[in-house]
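**Student:** model this:
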Amino acid sequence: MEVREAIESRRAYRSLDPVEVTDELIRDLAECASLSASCFNNQPWRFVFVRDPDVLKEMHSALSRGNEWIHNASMIIAVFSSPEDDCRIKGRIYHHFDVGMATAFLILRATELGLVAHPIAGYREKRVKAVLGIPENIQVITLVNVGRHSETVLDSLSDQQKEWERVRPERLPFEEFAYIDRYKG
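**Tutor:** Numbers count the residues shown, from 1 in each chain. Below is the predicted model of the structure:
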């Protein structure tokens, strides 16, 4: 699969079937993430790959309402970082940008392997930290939920989510997010 094909194939599906999560898969995803660029090569990203059914169940208690579909994920990847682990240049804090790029690499590699890797913001950060032993001064940026796309759409999804399973949500047209030579807002 070419990079462009992985980008176009990547979808935030919620209807998931189980997938075997091996040490090799975890290492593969982590190594791809580690190849991302970062400010002064600080590599501020950190990941906890959760595949143990008991720990997954504990993680479910951190999810916001509407994210029950994640109970079908075979793995949850907690993505976290600290601003102190990356550049601060004239008020610009880079760790979110650098961690986002590394996470995108991980998601695209999962897509290339035929998996769904769906990041979410709907979780209680304190609970995630308590379950995984992440220190209080570190920020959990996202949870990436991994499985295989199921052709059977979950009944528990909202009508909007069911529609998004069938058809990719609309993307902004070029003119609404990209400019040539100068911003024209």
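**Student:** which stretches of the chain form strands?
**Tutor:** Using DSSP state E, the strands assigned to the chain run over residues 16-17, 46-50, 75-81, 88-89, 92-93, 116-120, 139-149.
**Student:** Give me the distance between the closest residue to His71 other than its chain neighbours and Gly114.
**Tutor:** Of all residues not flanking His71 in the chain, His60 sits nearest, at 5.8 Å (C-beta to C-beta, 6 or more residues apart in numbering). Placement of C-beta: from N, CA and C, glycine included. Applying C-beta to C-beta, to the nearest Å, the value for His60 to Gly114 is 25 Å.
**Student:** more neighbours, these two?
**Tutor:** His60 (16 against 11; other C-beta atoms under 10 Å).
**Student:** Hmm, the more buried one is touching Ile70, no?
**Tutor:** Yes. Counting by C-beta atoms under 8 Å, His60 touches Ile70, with 6.9 Å between them.
**Student:** picking that back up, wait, which of the strands of the chain is closest to Ala178?
**Tutor:** strand 92-93 (21.8 Å; C-beta to C-beta).
**Student:** What strands flank the closest one, and is each parallel or antiparallel?
**Tutor:** strand 88-89 (antiparallel) (DSSP bridges).
**Student:** Arg166 is nearest to which of the strands of the chain?
**Tutor:** strand 139-149 (12.1 Å).
**Student:** so what secondary structure elements neighbour that closest one?
**Tutor:** strand 16-17, strand 75-81, helix 95-112, strand 116-120, helix 125-132 (3 or more C-beta pairs under 8 Å, 6 or more residues apart in numbering; DSSP states H and E).
**Student:** Tabulate these in JSON lines, adding columns for mean neighbour count.
**Tutor:** Converted to JSON lines, the helices and strands packed on strand 139-149 look like this (neighbours: other C-beta atoms under 10 Å):
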{"stretch": "strand 16-17", "mean neighbour count": "18"}
{"stretch": "strand 75-81", "mean neighbour count": "23"}
{"stretch": "helix 95-112", "mean neighbour count": "20"}
{"stretch": "strand 116-120", "mean neighbour count": "22"}
{"stretch": "helix 125-132", "mean neighbour count": "17"}
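**Student:** Tell me which of the ones you listed lies nearest to Ile138.
**Tutor:** Going through these one by one, with C-beta to C-beta as the measure, strand 75-81 comes closest at 5.3 Å.
**Student:** Perfect, that will be all.
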